[in-house]
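Colleague: Using only what follows, build the 3D model:
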Amino acid sequence: MKTSEDARFYAISAKFAEFSNEGKNLVLQFSVSNSQSLDCGGGYIKLLPAGFEQGGFNGETGYHIMFGPDICGSTKRTHVILSQGTENFLLNKEIRAETDVYTHVYTLIIRPDNTYVVKIDGEEKQTGTIEDDWSILPPKQIADPSKSKPTDWVDEKRIADPTDVKPADWDEQPAEMADPDAKKPDDWDDDLDGDWVAPTIPNSDYRGEWRARTIENPAYIGEWEHPQIDNPEYKPNPNLYKYSFGGLGIEIWQVKSGTVFGNFLVTDSESAAEEAVTSILSYVAEEKAAKEKKDAAARAEAEAAKAAAEAERETEAEHASKEAELKEDL
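Modeller: Here you go, the predicted structure:
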C-alpha cells in the first residue's frame, strides 16, 4: 500500500481471527520505504485488540502495540509502544529509524519471558526486558522518605580562594570608552542638535568583573546519594508480554506522501520472519541499481544541458566578436 496525498491522515485496518500470544513468541514484521525522502510523517503499524470497531478506526482507537519508524525534522526514531489498560508506554531506549529511500524491514519480537528484540533489516538494534525498558511497573526501589541530606553535608567540589584579593587597580578601566577616532560632524549645530558626544566603543583594557580564583574545597565530602528502599508499590508481572489480538492497522499522518508499506507478518515463528527478511532484502539491491541508473541518467542529462548552454554562449560570443570586427572595418 502506498500513501498518495500530501498533508493528510491515513487510517486503514484489517481484521483477523482472534489469538493470544500467551506462552509463545510474538513476531510483528513489515517493510516500509520512503521513496519520497519523507521529512515529516509516520511509518508505523498497530496491532489491535479483538473486537475493535473497524469502520471507525482512527487515532483514538485503542491498540496493544505500535511499532515502526516515525520521522519529523530531527526526530528519526523507531517507536515501540506497549499498552497496559488505558495507558500507552513508549520504549525508553532510542532506536534510530532508517531515513533513506530504500525498502527496510522492521521486526519486533516479544517473548513469553518478558524480553524483546527489535531488528531492522535482520540486524539486532535493541534488546532487553519489558520491565526494564518501559515504565509500565513502578520502580523496584525508591528514595527512603525517612532520610534526607544532612544540613552540614558539603558537596561543593571547589570554592573561592579566600587568599585571593582583587587588585587595587582592577576597576580603573571602564567597560566602554569614547571612540578616539570619532569626530564631530561638520554640519553639527550645538544649538539645534545639543552638545556633541563621541560614540563609545568597547575598552580593550577593561578586565571584566573580578572573580577570585577557585581551589579544591578541603571540606568536600562528595555527592550525597539518597538511600534506597524497596518500593512497597512494586509488584512483578510475568504477563507484561501477553495480549489478545484481533487486527492490524495503519494510522498515520504524513506531510509528504509516497510511503510504501508491505510484507505484513504476524507470527510466532522467528525463523519464518528471518526467511521473509532475506526474501524482501533480495530485491533491495534491484532498487539501488535502478536508482543509481536513474541518477546517472539525470546527471548525464544535466551535464548535456550544461554543455549545450556553454556551446550556445560560445557561439553568441563568436557572433558578437565578428560583428564588432565588421563595424570596426566599416
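
Colleague: Need the per-residue pLDDT for P232.
Modeller: Per-residue pLDDT puts P232 at 95.

Colleague: My error: substitute L330 in the last question.
Modeller: For L330, pLDDT reads 64.

Colleague: Begin at 5 from now on, thanks
Modeller: In the new numbering, first residue 5, that becomes L334.

Colleague: Return the set of buried residues in the lengthiest strand in the chain.
Modeller: Looking across the chain with DSSP state E, the single longest strand is strand 12-24. Within strand 12-24, the residues that qualify as buried are 14, 17, counting by 16 or more other CB atoms under 10 Å. To be clear about C-beta, it is placed using only N, CA and C from the backbone, and glycine gets the same treatment.

Colleague: Now do it: distance to the chain's middle.
Modeller: 27 Å (CA atoms, centre = their mean, to the nearest Å).

Colleague: Strands of the stretch 105-254 of the chain, start to end?
Modeller: 108-114, 119-124, 127-133, 145-147, 162-164, 180-182, 204-206, 218-220, 232-234, 248-258 (DSSP state E, counting those that start in this stretch).

Colleague: Tell me where the longest helix sits in this structure.
Modeller: Counting residues, the longest helix found in the chain (DSSP state H) is helix 288-333.

Colleague: Quick check: which ranges of the chain have low pLDDT?
Modeller: Across the chain, the ranges flagged by pLDDT under 70 are 333-334.

Colleague: can you do 80?
Modeller: Counting by pLDDT under 80, the chain contains low-confidence ranges at 289, 291-309, 311-313, 315, 318, 320-334.

Colleague: Verify the stated contact: H83 with L94.
Modeller: Yes. Using CB atoms under 8 Å, H83 is in contact with L94, at 7.0 Å.

Colleague: Settle it for me: which of the two has more neighbours?
Modeller: More crowded of H83 and L94, by other CB atoms under 10 Å: H83, with 19 against 13.

Colleague: The helix or strand encompassing the more buried one: what's the following helix or strand?
Modeller: According to DSSP states H and E, H83 maps onto strand 79-88. For strand 79-88, the following helix or strand on the C-terminal side (DSSP H and E) is strand 91-94.

Colleague: Could you list the buried residues of that next one?
Modeller: Neighbour count says strand 91-94 has F93 buried, by 16+ other CB under 10 Å.

Colleague: Which residues does it contact?
Modeller: Defining contact as CB atoms under 8 Å, 6 or more residues apart in numbering, one finds that strand 91-94 is touched by 67, 70, 83-87, 138-140.

Colleague: Most neighbours out of those, which is it?
Modeller: That'd be V84 among the contacts of strand 91-94, by other CB under 10 Å, with 26 neighbours.

Colleague: Return the set of residues that bridge with the residue nearest the centre of the chain.
Modeller: In the chain, the centroid-proximal residue (CA atoms, centre = their mean) is T79; its distance is 2.2 Å. Counting by DSSP bridges, T79 forms beta bridges with C76.

Colleague: how much space between it and Y247?
Modeller: 27 Å (CB to CB, to the nearest Å).

Colleague: now swap in R115 and tell me
Modeller: 13 Å.

Colleague: Are there residues contacting both of those two? Which ones?
Modeller: With CB under 8 Å, 6+ apart as the test, R115 and Y247 both reach L30.

Colleague: I figured I113 hits N29, correct?
Modeller: Yes. Look at I113 against N29 with CB under 8 Å: they come within range, at 6.3 Å.

Colleague: Give me the common contacts of these two.
Modeller: What both I113 and N29 touch, as defined by CB under 8 Å, 6+ apart, is the set E274.

Colleague: circling back to that earlier point, kindly indicate which of the contacts of strand 91-94 lies nearest I49.
Modeller: M70 (7.5 Å; CB to CB).

Colleague: Double-check that the closest one belongs to a strand.
Modeller: Yes. Under DSSP: H, G, I helix; E, B strand; the rest coil, M70 falls within a strand.

Colleague: Report the contact partners of it.
Modeller: 48-50, 83-85, 92.

Colleague: Between which two of those residues is the distance greatest?
Modeller: Maximum distance among the contacts of M70 (CB to CB): 14.8 Å, for I49 and N92.

Colleague: Ignoring the adjacent residues along the chain, who's closest to S39?
Modeller: Residue nearest to S39 in three dimensions, not counting chain neighbours: V105, with 4.8 Å by CB to CB, 6 or more residues apart in numbering.

Colleague: and that neighbour, what are its phi and psi?
Modeller: Here is the backbone geometry of V105 (degrees, to the nearest 10): phi -90, psi 10.

Colleague: Check the gap between it and E290 for me.
Modeller: Note on V105: its distance to E290, by CB to CB, is 14 Å.

Colleague: out of these two, which sits in the busier spot?
Modeller: For V105 versus E290, the count of surrounding residues by other CB under 10 Å is larger for V105: 15 against 9.

Colleague: Can you give me the separation between the more buried one and V36?
Modeller: 11 Å.

Colleague: same check, this time on R217
Modeller: From R217 to V36 the distance is 58 Å (CB to CB).

Colleague: who's more crowded, the two?
Modeller: The neighbour count for R217 versus V36, taken as other CB under 10 Å, is higher for V36 (23 against 9).
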